[in-house]
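> Give me a model of this one.
(3 chains)
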Amino acid sequence: MTIDMSKFLDTFFEESAEGLDAMESGLLHMQDGAADDELVNTIFRAAHSIKGGSATFGLSEVAEFTHHMETLLDEVRAGKRAVASDLVDVLLESVDCLRAMLAASKSGSAGDPKRAKSLSARMAKILGVATGHVVVTASAQPVQAASGGWRIVFRPHAHLYRTGNDPVRMLRELAELGEYKVSCDTSRLPGFVNAQPEECALSWTVELRGEIPEKRVREVFDWVDGDCDLTLEPLPASSEKLAPDAPAVQAVVPVAKEKTNGDKTSTPAAPAAAETTSIRVGIDKVDALINMVGELVITQSMLGQVGKDFDMSRVEKLMHGLAQLERNTRELQESVMRIRMMPISFAFQRFPRMVRDLSQKLNKKIELRMSGEQTELDKTVMEKIGDPLVHLVRNSVDHGIEMPDVRRAAGKAETGIVTLNAFHQGGNIVIEIKDDGAGLPRGKIIAKARKQGLLGADEEPDDNKVFELIFMAGFSTADQVSDVSGRGVGMDVVRKNIKALGGTVDVKSESGKGSTFTIRLPLTLAILDGQLVSVGEQTYIVPLVSIVETLQMKKEAISAIAGRAELYRLRDEYIPVLRLYGLFGIEPRQKDLANGLLVVVEGEGKRVGLFVDDLQNQQQVVIKSLESNFKRVPGVSGATILGDGTVALILDVSGVIDASRQATAPSGLGKNQAQIRAA
Amino acid sequence: MSTAQAVRMANEAAGSDSDNFQVSANSDQYLTFILNGEEYGVDILRVQEIKGWDSATPIPNTPDYVRGVINLRGTIVPIIDLRARFGLERVPYGPTTVVIVLKVMHGNASRIMGIVVDAVSEVYNVSQQDLKPAPEFGGAVRVDFVKGLATVDKKMVIILAIDELLNSDAMAVANAE
Amino acid sequence: MPTILIVDDSASMRQMVAFTLKGAGYDVEEAVDGADGLRKAKGKPFNIVVTDVNMPNMDGIALIKELRALPTYKFTPLLLLTTESADDKKQAGKAAGATGWMVKPFNPEQLLATIKKVSG
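All right, here's what the predicted structure looks like:
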C-alpha cells in the first residue's frame, strides 16, 4: 500500500503556520518575563508538532532544524535552562527561518540552507552539543551474527492482559520470522474453580529456526518488557535455511526506518500549484450548522407528511411548516455567513514581533498594547486590511514615537505606547492605531504642502485639512528616508486600499501628545445583534452594543429648551431626545413623548435617546450593504432582510447623533418634509 | 404582452447574446416599456429581470423618486420611480405596474437597480444606423439621459442611456471622501 | 473491522493516520486532544485507541491512564505515538497502562503493521 504523503502537506503547512504564530507570540510573552509553565508548554508543543509532522511528511531538513528548537525548549520546560534574551532571540529568528523553510517547501523552491545551518549552529552552541544529524537520521542497525535460531521462553506476568497486550499476537508475530514450533505450559493454571479469566497464567516455549537477529526477536516483546519473563537461547546452527521471507517482513516493521526515510527525502513535496485558501472554523460554528441542518431535515419531513394526502383541513399545518422552513433557511444562511467571520487577532498577531524588531532597530522603547482582538470581521476583509495596518503601525513606531531622550526631555515616560484597538460600531468595524508620540508635525506638513503647491501661500488651513494632506499621493515629511517607512509609498496607498474595501481612514493628532489613526470598515457580511424597533410602518435595527438602556418616559422628566431641543432627565443626566420619525421623515403612530419609549444609545462618547413607537424582538441580523447597489446614507449603516423578506435599515448610531446635532430637533436631516410625504 | 412573456423574451435574448452579436453585430435588442403614454427602451442585455411592484423600504434623506430598497434574493436593490424621476404626474400603481431590474455600470463597477414603469411593452431589434440622436426636445427627459430615438412600426421609441440616468443626482455613487 | 480512535492535536497527523486506516478498511474517528479523546472514547467503545503524547487539554499519558481505569478499556490496545527522543515517555506511557507505542516519524506501512499487530 502506497500513500501519497503530499496530500497531507497542505494541512501540515497550515497548522505549522499557526504553530509558528503561537510560538512567536509565546516567545514574545516569555521575553516579557512571563514564562509560566503553560506558556512554555504551548511553545514546546508547537515545535514538537512541527518536528513530528515534518519528519512524517518527509521534510527532513525542517525536522532536523526543529529538533534543536525542541531540545532547547524542552530544557526550558524542564527548568534546566533559564530564559535569557539571547535564547529568545535565537528562537525567534528560528521561527522566521522555519517559516521561510516551510514556505520554500510549499513552493518547491530551495530556500536558504545557509541560514538554517547557521541558526542550527547557534542553537547547538547554546545546547553545548555538536551539530549533526540528531533526530531523523536513522542509525544503521548492527545486525547480530545470525545463528541457527532461538529457543524463546515467554512467561507473561499475570497482569499482561491489562496492558492491552495479547500473548497470542506475539506468538503469531514470531511465527512470521521463521520456522516455528511452540509448546504451551499450563502448569501455572489454577483449578477451574479458582480461574481468573483476567489473568494470564500460561507460558510458552518457542523454537524459532532461521537466521534471525536477536534484536528482531526482542522487538516482538518490546512492549511487554517488564510485563513478562523472557529468555532467549541460541539454537545450534542447522543446515536448513528456513526463513526466506524474513527480509520482506522487516520492511514493514519499525527497524526499516532508514529505508523509508530515504524514500521520503528522495521525493520532495510536490509544489503547491495554486495557493489553496481554506478557513479554519471553530467547532461551535460547525455544531450550530449541524443543528440547523438537523432542524431543516425535521421541517422537511414534517412538510412531507403534510403534503401526503393533502386537503384543506391541513392548510394551517402547511403554513406553519412553511414558516418554519423559512426560519430554518434564514438561520442556516446566517450561520454559513458566520463561518467567514474571524477574530481580528489573526491580523493583530504579527504586530508584537514587528514592533519589537522595529523598536530595536530604531533604538526606541515601545510598548504595544492591543485590545478588542476578539472582534470579528469577514475573512476577506481581514486579508486585505493587513497591509494598511502594517503600514500604519510602522508609521506610528517610526514617526510617531520619539527617541527615549527626546521623550524624557519632554517630560514623558521613555517608553512610548502604541495601542491597537478594534471594536464594532454601528455595523462597522473600527480599528484604531494610536501612539503617545509627538503628534503630526503640523508646520512641516504645511511647509511641504506649500512647496508642492497643494496649499496656497496665504492659506491657513485648520487641523483637519492639514492632516488630510498626509493622505495625498507622494506626501512624506520624514526627515530621512528610513528603512522603516517614509519611502514614498505612503498614506495615499493606505487610504486607497481602505477605500477599496469601502472603508475610511481618519487621523486625529495633538502636538506632543500623539496621533490616532481610525480605520472604519463596513462589514458587508457581518452579523449584528440588533434590537428591532418600530416607527410608524417601518422597522429599524438598533445595534445592541450601542444601547445603554430602554425606558418608558415619564412626563415629569421631559423638558424642552427654548421649546425646541427636548431633553429627558435620566437620574443625574439630561439626555437629548431624538424623534426618529422626524429625523427619518416618516409618519409615526405616536408623537406625544409622555409614556413613549426611549432607547438610550451611546456613540463616540455621546448619549442620546431615540424616541420610537415600539420595541420588537432582539435578534441577530445579517448586515447587507446599501452601498453596493446604492450609496452611503447618513444615519444608516446598512440594511438587513427580516423574517418576512422585507428590508429593514440598520441605524448608524454615531451618524444619527451627528445628524441630530446638525439639524435642530425635531426637524429632519435637512430633507424636505413634503417630498417625503409624497414618497 | 404579459410580464412573463417579456421576461422570457428578455432571458432568451440575454442567454443567446453571443449569437446575436455575431449575426447582427450592429443591431441591438431593446426592451421597451410605457411611461405616461410614451414608449421607452433599454438595452435588453442590461435587464436582469422584470417583477411586479411590491412595497419598498423607504430610505431617509433621499428625493421622492427613490422609492426605497427591496430584497431581491438577498441583495438590497434600490428602486427608482421613473415617473417621479422625469417629473411626470404621479399615478397610483396598478396591475400592469412593474419593476424592471437593470444592471447599471459606472466605470468598471456595476450596481443593480430597479425602475418602476407603467407597463412593459415589446422587445425590438434596432440597428445602430436607425438610432437617431435625440434633439433638444425640451421634454421631461434630459438629453444626456437619452441614447437616441428609434422608429419602430412608425412609433417613436426613446432609447434611454441608463448608466447616465441612474448615476445622476441622488443616485450618484459618492466619490468624495 | 475494528473501530479505531486517533487522538492527536495535529490535524495533518490525524489526517494521515485516519486516511491510512480507513483505506485499509478500519472505522476511524478523530479527537483533537486528550479531553476530546476521553469524551469520545466514553461515548462509544473503540477497539483500539492511538494517541499522541504531547497535547493540550490532557496529554496522551493522562488519557491512557483514564481509559485503562474504565471497565470498557481494561484490555483494549492503547497505543502511544511518541518520538525517538522521548524514551521516558514510553516508560511513563507503560506505567499508565499503554499497550505499546509507535515511534514518530512512521509511515503508513509501519502504521498498518502496528495496528495489525494489535488488532489480532
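
> chain center to stretch B:72-83: distance?
From the chain centre to the centre of stretch B:72-83 is a distance of 12 Å (C-alpha atoms, centre = their mean, to the nearest Å).

> What is the end-to-end distance of it?
Start and end residues of stretch B:72-83 are separated by 22 Å (C-alpha to C-alpha, to the nearest Å).

> and that stretch, which residues are buried?
The neighbour-count check on stretch B:72-83 (16 or more other C-beta atoms under 10 Å in any protein chain shown) flags B:72, B:76, B:77, B:78, B:79, B:80, B:81, B:82, B:83 as buried. Using the backbone N, CA and C atoms, a C-beta is placed for each residue, glycine as well.

> Check stretch A:300-316 too.
A:302, A:303, A:306, A:314.

> What average pLDDT does it get?
Averaging pLDDT along stretch A:300-316 gives 83.

> Show residues contacting that stretch.
Residues from elsewhere that reach stretch A:300-316 (C-beta atoms under 8 Å, 6 or more residues apart in numbering or on different chains): A:317, A:318, A:321, A:322, A:324, A:325.

> Between the two ends of it, what distance do you get?
First-to-last residue span, stretch A:300-316, C-alpha to C-alpha: 16 Å.

> now do stretch A:556-576
Stretch A:556-576 has an end-to-end distance of 15 Å (C-alpha to C-alpha).

> list the contacts for residue 104?
If you meant another chain, say so; for now it's chain A. Contacts of residue A:104 (C-beta under 8 Å, 6+ apart): A:110, A:111, A:112.

> try again with chain B
B:46, B:110, B:111, B:112, B:113, B:162, B:163, B:166, B:167.

> Can you give me the distance of residue A:419 to residue A:93?
To residue A:93, residue A:419 is 27 Å away according to C-beta to C-beta, to the nearest Å.

> And for residue C:44?
Taken as C-beta to C-beta, the span from residue C:44 to residue A:93 is 46 Å.

> For these two, indicate the residue with more neighbours.
More neighbours surround residue A:93 than the other of residue C:44 and residue A:93, with 15 against 10 (other C-beta atoms under 10 Å in any protein chain shown).

> After the host helix or strand of that one, heading C-terminal, what element do we hit next?
Element membership for residue A:93, per DSSP states H and E: helix A:85-107. On the C-terminal side of helix A:85-107, the nearest following helix or strand under DSSP H and E is helix A:113-127.

> So which bits of the next helix or strand after that next one are buried?
Next along the chain after helix A:113-127, taking DSSP H and E as the criterion, comes strand A:149-156. For strand A:149-156, the neighbour count (16+ other C-beta under 10 Å) marks A:149, A:150, A:152, A:154, A:155, A:156 as buried.

> and what of stretch B:142-159?
So, applying 16+ other C-beta under 10 Å, buried residues of stretch B:142-159: B:145, B:146, B:147, B:148, B:149, B:150, B:152, B:157, B:158, B:159.

> And what about the third one, helix, strand or coil?
The three-state label for residue B:147, taken from DSSP: H, G, I helix; E, B strand; the rest coil, comes out as strand.

> how about it, what does it touch?
B:131, B:134, B:159, B:160, B:161.

> Quick check: pLDDT value at the first one.
Each residue has a pLDDT score; the one for residue B:131 is 86.

> Likewise for residue C:31?
93.

> Quick one: low-confidence residue ranges for the stretch 1-150 of chain A.
Applying pLDDT under 70 to the stretch 1-150 of chain A flags the ranges A:1-3, A:31-35, A:129-147.

> Just the buried residues of stretch A:300-316: which are in helices?
Of the positions in those, A:302, A:303, A:306 sit in helices, assigned by DSSP state H.

> Which helix or strand lies directly C-terminal to the lowest-mean-pLDDT helix or strand in chain B?
Sorted by mean pLDDT, DSSP states H and E, the helices and strands of chain B end with helix B:17-23, the least confident at a mean of 41. Using DSSP H and E, the helix or strand that follows helix B:17-23 in sequence is strand B:27-35.

> List the contacts of that next one.
Outside strand B:27-35, the residues that touch it by C-beta under 8 Å, 6+ apart are B:6, B:9-10, B:13, B:20, B:39-45, B:47, B:82-83, B:86, B:88, B:98, B:100, B:117-128, B:150, B:157, B:159.

> Can you add distance to residue A:498 and secondary structure and give the contacts of residue B:147 back as TSV?
Listed next are those as TSV, based on distance: C-beta to C-beta, whole Å; DSSP: H, G, I helix; E, B strand; the rest coil:
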residue	distance to residue A:498	secondary structure
B:131	42	coil
B:134	41	coil
B:159	39	strand
B:160	35	strand
B:161	33	coil
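
> Closest one of those residues to residue A:217?
Closest approach between the contacts of residue B:147 and residue A:217, by C-beta to C-beta: residue B:161, at 90.9 Å.

> mind checking pLDDT for the residue lying closest to that closest one once chain neighbours are set aside?
The spatial neighbour of residue B:161 that comes closest, neighbours along the chain excluded (C-beta to C-beta, 6 or more residues apart in numbering or on different chains), is residue B:147 at 4.3 Å. pLDDT, residue B:147: 89.

> so how far is chain A from residue B:147?
According to C-beta to the nearest C-beta, to the nearest Å, residue B:147 stands 22 Å off from chain A.

> One more: residue B:93?
13 Å.

> That residue and residue B:53 touch, don't they?
Yes - using C-beta atoms under 8 Å, residue B:93 is in contact with residue B:53, at 5.0 Å.

> Which residues are in contact with each of the two?
residue B:116.

> which one of those two has more residues nearby?
residue B:53 (19 against 15).

> so what's that one up against?
Residues counted as contacts of residue B:53 (C-beta under 8 Å, 6+ apart) are B:93, B:97, B:98, B:99, B:116.

> Could I get the phi/psi values of the first one?
Spelled out, that is residue B:93. Residue B:93 adopts backbone torsions of phi -70, psi 130, taken as degrees, to the nearest 10.

> Tell me who's in contact with it.
Counting by C-beta under 8 Å, 6+ apart, residue B:93 has contacts B:53, B:116.

> which of the contacts of residue B:53 tops the neighbour count?
residue B:99 (24 neighbours).

> tell me the pLDDT at residue A:512?
Reported pLDDT for residue A:512: 89.

> Kindly tell me how buried residue 89 is, as a neighbour count.
You didn't pick a chain, so chain A it is. Neighbour count for residue A:89, taken as other C-beta under 10 Å: 14.

> my bad, chain C
Neighbours of residue C:89 (other C-beta under 10 Å): 20.

> ok so it is a helix residue?
Yes - counting by three-state DSSP, residue C:89 falls inside a helix.

> what about it, distance to chain B?
Taking C-beta to the nearest C-beta, one finds residue C:89 at 54 Å from chain B.

> Please consider this matter closed, and thank you.
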